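> next input, structure requested:
(2 chains)
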Number of protein chains: 2
Amino acid sequence: MRFGVLGTGRITRRLVADLQSTPGATVTVIGSRDSARANWSGAEYGIPHAVTGYENVLLHPDVDAVYIALPPSLHTPWCLEAAAAGKHLLCEKPLATTAAEALTIDSACRKHNVRWLDATAWLHHERTAAMRGWLTDGTLGNLRHVSVAISFFEPFQNGDHRLDPALGGGCLLDLGWYAVGCAIAAAGPPRMVFATTLLRGEVAIRSSGVVWFDNDVTATVHCGYDVATRKWCEWAGDQASVVCDDFSRPWNDRPPRVWIHNRAGEVVSHSFQGSQERNLIAKLISAEPLESFQLQALRTQAVLEAMNRSSQSGTVESITCD
Amino acid sequence: MRFGVLGTGRITRRLVADLQSTPGATVTVIGSRDSARANWSGAEYGIPHAVTGYENVLLHPDVDAVYIALPPSLHTPWCLEAAAAGKHLLCEKPLATTAAEALTIDSACRKHNVRWLDATAWLHHERTAAMRGWLTDGTLGNLRHVSVAISFFEPFQNGDHRLDPALGGGCLLDLGWYAVGCAIAAAGPPRMVFATTLLRGEVAIRSSGVVWFDNDVTATVHCGYDVATRKWCEWAGDQASVVCDDFSRPWNDRPPRVWIHNRAGEVVSHSFQGSQERNLIAKLISAEPLESFQLQALRTQAVLEAMNRSSQSGTVESITCD
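Next up is the predicted model:
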């Protein structure tokens, strides 16, 4: 599958390399609003064609799919353009900035018969599959509570969209996507949420919340730009808990691990291999069903929107999603 | 200091041994409502005098202080009796069942010039002092968020007061005392709280909440009787986090440890020695000021009461305490 890339931001570099190294995927075109940036990135990444304007990525004859690496506020318009052009879609998280927009993207992709995934790679790691397995095979017993915290201390570059509310900035749509997604990956459809968000200007800097799920499962979720970097979760059942200290992306210098803590306080470590990003890409370009990952994204978007509402209202907000 | 013990429940055995092994403390009398239980416990623990009726512990000439190991609903009446009798007080947690009762105990002790501590031993561990030190010496940077979870899976014995709402049962007053206390120990006076509590009958089985402190510090707290045993906390600053997996009482088979995680994901382990229980007792029988620990208990009691209120109202509750 031949990918065109929309955007030349810092995030692009890593996933382009993953696209180029996944069997069956190639990167043929990169586009920027700025021709110099497009040319520089194309040369730097070894991409054959550099074009000016995102629309020219969609019009290029060598493109079957697009990777959208633009700021969040541009995801929906360009996802819709790409779907209408019949291109399969890999979109950076957050999929959109509201739950309604996310549903619109999903509908457009169904209508135009294109496959879509958001670029939430950790969901595709073998480790995540093992964690889910321990929920279904009884290792953890009945799931009771998920705790998750993810922070990156002031990860901003000059002009970073994460500080611009007009571009969909703030930690909720960014780090909150992982925090909330982690709880949903364990517990399924969310039902209610309470959240509190610390703002700097109009931008969410830190947010904490409680999420309710079916079967009395609860979660505490936390994300922030003003806390030292961490990315941990705990899925706690009535028989054991599984803990991971780098769930969203494994630390560079360590094998991906998790620890299972049992009722007696004994700890067993499990380690894993494989690239979550290549797994993600392989899934998109395969013929495998994608619905469970799409549902995960739509649920995550619904919770983030409700967390924003709850932070403003100061009350518990209901969530209606499949 | 010569201690009389009120109560012969399971919790008594451990702390009596700690009292007996702390220099300067002795245990002279144990009392139960039931004379056979008093006699059995006295013989079993090697306590010289066994008496029937708690009032006879207070009346015994060889008693300077009491250890109150009764169900929570009996703490306030017996603390007040003991204070009026001029006995120093070591009371099992929770100090009381309401914030107003806790303040009454504190006032009575001041009036009668007796020293009091609640038996929350982890606050007196060298490890806890080191954790506080990393907050003040800049190791963690500015404190931003505390995460804490403590659960003991169905720890009930026959007739356990923890399943009896009339005796002050439920996980909030029990495990919640540690969870909330951990956040207060790091962040100081609490200002607001939101909580949700799962009930079985009228008894709190699992509770999760968000607590707000001064300087935009937040905490997520969680406790439960239906989750596999765990007792971890994370104090997260903007420079580093400290994590402990057994803060309330060190695992039996391991040295007490904490891990400091820095912004680069590097982890340094620190280990400690010493008995938190003997430190607690030594503090009470010394001439050292106790106000900071008393304030900690009164604040904890205020948050637990507000968590109960919030769980019923479904809204954020204010907390007024020093």
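
> is the top helix by length along chain A in proximity to chain B?
As assigned by DSSP state H, the longest helix anywhere in chain A is helix A:291-313. No - Helix A:291-313 stays clear of chain B (CB under 8 Å from any CB of the partner chain), getting no nearer than 9.8 Å. In short, each C-beta sits where N, CA and C put it, glycine included.

> helices or strands up against that helix?
Counting contacts by 3 or more CB pairs under 8 Å, 6 or more residues apart in numbering or on different chains; DSSP states H and E, helix A:291-313 packs against helix A:99-111, strand A:116-118, helix A:171-187, strand A:190-200, strand A:203-213, strand A:317-318.

> now the ones you listed in a markdown table, with mean neighbour count, distance to B:T197 and mean pLDDT?
As requested, the helices and strands packed on helix A:291-313 are exported to a markdown table (neighbours: other CB atoms under 10 Å in any protein chain shown; distance: least, CB to CB, whole Å; pLDDT from 0 to 100):
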| stretch | mean neighbour count | distance to B:T197 | mean pLDDT |
| --- | --- | --- | --- |
| helix A:99-111 | 18 | 28 | 98 |
| strand A:116-118 | 26 | 34 | 98 |
| helix A:171-187 | 27 | 18 | 98 |
| strand A:190-200 | 21 | 13 | 98 |
| strand A:203-213 | 24 | 11 | 98 |
| strand A:317-318 | 16 | 19 | 98 |
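
> may I see the ones you listed arranged in CSV, with distance to chain B as well?
Converted to CSV, those look like this (distance: least, CB to the nearest CB, whole Å):
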stretch, distance to chain B
helix A:99-111, 23
strand A:116-118, 25
helix A:171-187, 11
strand A:190-200, 6
strand A:203-213, 5
strand A:317-318, 11
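
> who wins for proximity to B:A240 among those?
strand A:203-213 (16.5 Å; CB to CB).

> okay, the angle between that closest one and strand A:190-200?
Angle, strand A:203-213 to strand A:190-200, by axes from the mean of the first three to the mean of the last three CA atoms, to 10 degrees: 160 degrees.

> quick one: strands adjacent to strand A:203-213?
When pairs are called by DSSP bridges, strand A:203-213 turns out to pair with strand A:190-200 (antiparallel), strand A:218-224 (antiparallel).

> where in chain A is the helix or strand with the lowest mean pLDDT?
helix A:10-20 (a mean of 93; mean pLDDT, DSSP states H and E).

> other residues contacting that one?
For helix A:10-20, contacts defined as CB atoms under 8 Å, 6 or more residues apart in numbering or on different chains pick out A:3, A:5, A:25-27, A:30, A:41, A:44-47, A:67, A:69, A:90, A:92, A:119, A:157, A:275, A:277-278, A:280-281.

> quick check: PyMOL command selecting the buried ones in those.
Command for PyMOL that selects the buried part of those, burial taken from 16 or more other CB atoms under 10 Å in any protein chain shown:
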select buried, chain A and resi 3+5+25+27+30+41+45+47+67+69+90+92+119+275+277+278+280+281
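
> out of the contacts of helix A:10-20, list just those in helices.
A:S41, A:E44, A:Y45, A:E277, A:R278, A:L280, A:I281.

> of all these, which two lie farthest apart?
A:E44 and A:L280, at 22.6 Å, using CB to CB across the ones in helices among the contacts of helix A:10-20.

> surely A:K93 and A:W122 touch.
No - at 10.3 Å, A:K93 does not count as touching A:W122 under the criterion of CB atoms under 8 Å.

> B:L173: which of the ones in helices among the contacts of helix A:10-20 is nearest?
Closest to B:L173, out of all of the ones in helices among the contacts of helix A:10-20 and judged by CB to CB, is A:L280, at 46.3 Å.

> who touches the nearest residue to that closest one once chain neighbours are set aside in this structure?
Spatial nearest neighbour of A:L280, excluding adjacent residues (CB to CB, 6 or more residues apart in numbering or on different chains): A:H124 at 4.2 Å. Taking CB under 8 Å, 6+ apart, we find A:H124 in contact with A:Q276, A:E277, A:N279, A:L280, A:K283, A:F293.

> quick check, nearest of those to B:W232?
A:Q276 (25.8 Å).

> tell me the secondary structure for A:T22?
Classification of A:T22 by DSSP: H, G, I helix; E, B strand; the rest coil places it in coil.

> which residue packs closest to A:R144, ignoring adjacent ones?
B:V227 (4.4 Å).

> that neighbour is in contact with B:E154, isn't it?
No - applying CB under 8 Å, one finds B:V227 not in contact with B:E154, separated by 9.8 Å.

> so these two - more neighbours on which side?
B:V227 (31 against 15; other CB atoms under 10 Å in any protein chain shown).

> which SSE is the more buried one in?
For B:V227, there is no enclosing helix or strand under DSSP states H and E.

> any idea how far A:V16 lies from chain B?
A:V16 is 24 Å from chain B, where distance means CB to the nearest CB, to the nearest Å.

> same deal with A:P189?
18 Å.

> next: A:A240.
5 Å.

> pull out the buried residues from the longest helix of chain A.
Applying 16+ other CB under 10 Å to helix A:291-313 flags A:293-308, A:310-311 as buried.

> just the C-alpha atoms of it, please, in CSV.
The C-alpha trace of helix A:291-313 is given here as CSV (Å, rounded to 0.1, in the frame of the first residue of the first chain):
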residue,chain,number,x,y,z
GLU,A,291,-13.9,-2.4,14.0
SER,A,292,-12.6,-3.0,17.5
PHE,A,293,-9.9,-0.4,17.1
GLN,A,294,-12.3,2.1,15.5
LEU,A,295,-14.8,1.6,18.3
GLN,A,296,-11.9,2.2,20.8
ALA,A,297,-11.2,5.5,19.1
LEU,A,298,-14.8,6.7,19.0
ARG,A,299,-15.2,5.8,22.7
THR,A,300,-12.0,7.6,23.6
GLN,A,301,-13.1,10.7,21.8
ALA,A,302,-16.5,10.6,23.5
VAL,A,303,-14.8,10.4,27.0
LEU,A,304,-12.4,13.3,26.2
GLU,A,305,-15.3,15.5,25.1
ALA,A,306,-17.2,14.6,28.3
MET,A,307,-14.1,15.3,30.4
ASN,A,308,-13.9,18.7,28.9
ARG,A,309,-17.7,19.2,29.6
SER,A,310,-17.3,17.9,33.1
SER,A,311,-14.3,20.2,33.8
GLN,A,312,-16.5,23.1,32.9
SER,A,313,-19.7,22.0,34.6
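
> and it, how far out from the chain's middle?
How far helix A:291-313 lies from its chain's middle: 12 Å, per CA atoms, centre = their mean, to the nearest Å.

> tell me which residues in stretch A:266-280 are buried?
Buried-residue list, stretch A:266-280, by 16+ other CB under 10 Å: A:F272, A:S275, A:Q276, A:E277, A:R278, A:N279, A:L280.

> okay if I get these as TSV plus pLDDT?
Shown next, in TSV, are those (pLDDT from 0 to 100):
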residue	pLDDT
A:F272	98
A:S275	96
A:Q276	98
A:E277	98
A:R278	98
A:N279	98
A:L280	98
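
> now A:H270, nearest residue through space, not along the chain?
A:V258 (5.4 Å).

> picking up where we left off before, of the ones in helices among the contacts of helix A:10-20, which is the nearest to A:A185?
Closest to A:A185, out of all of these and judged by CB to CB, is A:L280, at 13.9 Å.

> list the contacts of that closest one.
Contacts of A:L280 by CB under 8 Å, 6+ apart are A:D18, A:L90, A:L117, A:A119, A:T120, A:A121, A:L123, A:H124.
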